[in-house]
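Student: Here's a sequence, model it:
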Amino acid sequence: MKNLSTLFGKDNLDEIVFANRNKAYGAYVLRNEYSNQLTKALFVGVAFFASLSVIPLIISAFSSDKIIEVINTPGPVVLDDVDTPDITKPTPASTVPQDVKTVTNPIYTPVRNLKKDKPIPTVDDLKGAAIGEETKTGKETTISYVPPVVTSGPPAVISTPPAQPAEDPNKLINQNEADVAADFKGGINAFREKVAQSFDTESVENGGMISAVITFVVEKDGSISNLKINGSNSDFNSEAERAVKSVKAKWTPAQLKGKAVRSSFRMPISMKIE
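Tutor: Predicted coordinates:
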């Protein structure tokens, strides 16, 4: 019995099967488009597998970063890497010519029992000779002699002197410590006379012989500071302080090591108040 599709054709068979039926149903559409979908699937599958076979060839073509040259010669094949050129290693030159005079200079290590195998070269031996592995005669040379560095023994300790403290520029010294004591123009008696001339005896109530001690500091510029009057009579002390401050003439400052310094000064004073 022959197949109905050979008698009526595929399209006629679909029409016969779906006669008087709903052709909008999905089965009718699938049967009509089956051959087209099958053809498309075949071409897509062939293209996919072809791309898979080509990708490794493309990757290998771009990943090669060195050119290897194959030398076609009889015998074993030798591969040369052209990216790494041959470098000829330099031959170290001899530091001492062969025909010059040389002497050995042995270095002895300190040991408990000294064994002297080779004599130490003298100054005459070293004259016009270079240091070599053996002692031999030859032409004198001008190669400079550099004595070997001996590293045996403890390292040298270099001591540094302690830093000297900075001298205080405002240091106060006693008159006896100065090289040149502070002085007033005309001497101390001239200063006493100026104080006495400015002293007002009427400001002191109790009369009689009154004494006090005047202390002050002669600054580096010749002015006086830290003025103090030590005595038993307060009126006398106050007036003596006023009289000293009224003297405007400056002192000659004390000298120490050629520089003006601050120095303390002490002067007793006595007056008879009637």
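Student: max-length helix in this structure?
Tutor: Counting residues, the longest helix found in the chain (DSSP state H) is helix 34-63.
Student: ok, the closest residue to A240 other than its chain neighbours - how many residues close by?
Tutor: Among residues not flanking A240 along the chain, I229 sits closest, at 4.9 Å (CB to CB, 6 or more residues apart in numbering). C-betas here are computed from N, CA, C, even on glycine. Counted with other CB atoms under 10 Å, the neighbours of I229 add up to 21.
Student: mind listing what I229 touches?
Tutor: Contacts for I229 (CB atoms under 8 Å, 6 or more residues apart in numbering) come out as A212, V213, I214, N237, S238, A240, E241, V244.
Student: ok, now with 6 Å
Tutor: I229 makes contact with A212, I214, N237, A240, E241 under the criterion CB atoms under 6 Å, 6 or more residues apart in numbering.
Student: So it, which state does it fall into?
Tutor: Following DSSP: H, G, I helix; E, B strand; the rest coil, we place I229 in the strand state.
Student: A181 contacts Q175, doesn't it?
Tutor: Yes - judged on CB atoms under 6 Å, A181 makes contact with Q175 at a distance of 4.8 Å.
Student: More neighbours: these two, which one.
Tutor: It is A181, of A181 and Q175, that has more neighbours when counted by other CB under 10 Å, with 16 against 13.
Student: Any idea what the residue nearest to A240 is bridged to?
Tutor: Beta-bridge partners recorded for I229 (DSSP bridges): I214.
Student: any idea how far it lies from R242?
Tutor: As defined by CB to CB, to the nearest Å, I229 lies at a distance of 10 Å from R242.
Student: likewise A196?
Tutor: 13 Å.
Student: low-scoring stretches of this protein, by residue?
Tutor: Along the chain, segments meeting pLDDT under 70 span 1-31, 63-98, 100-101, 103, 105-119, 132-133, 142-157.
Student: domains of the protein?
Tutor: 1-85, 95-145, 172-273 (automatic domain parsing).
Student: Determine how far the last residue of the longest one lies from the first.
Tutor: What that stands for is domain 172-273. 35 Å (CA to CA, to the nearest Å).
Student: quick one, helices of the stretch 151-274 of the chain?
Tutor: If DSSP state H, counting those that start in this stretch is used as the criterion, the helices of the stretch 151-274 of the chain fall at 188-198, 234-245.
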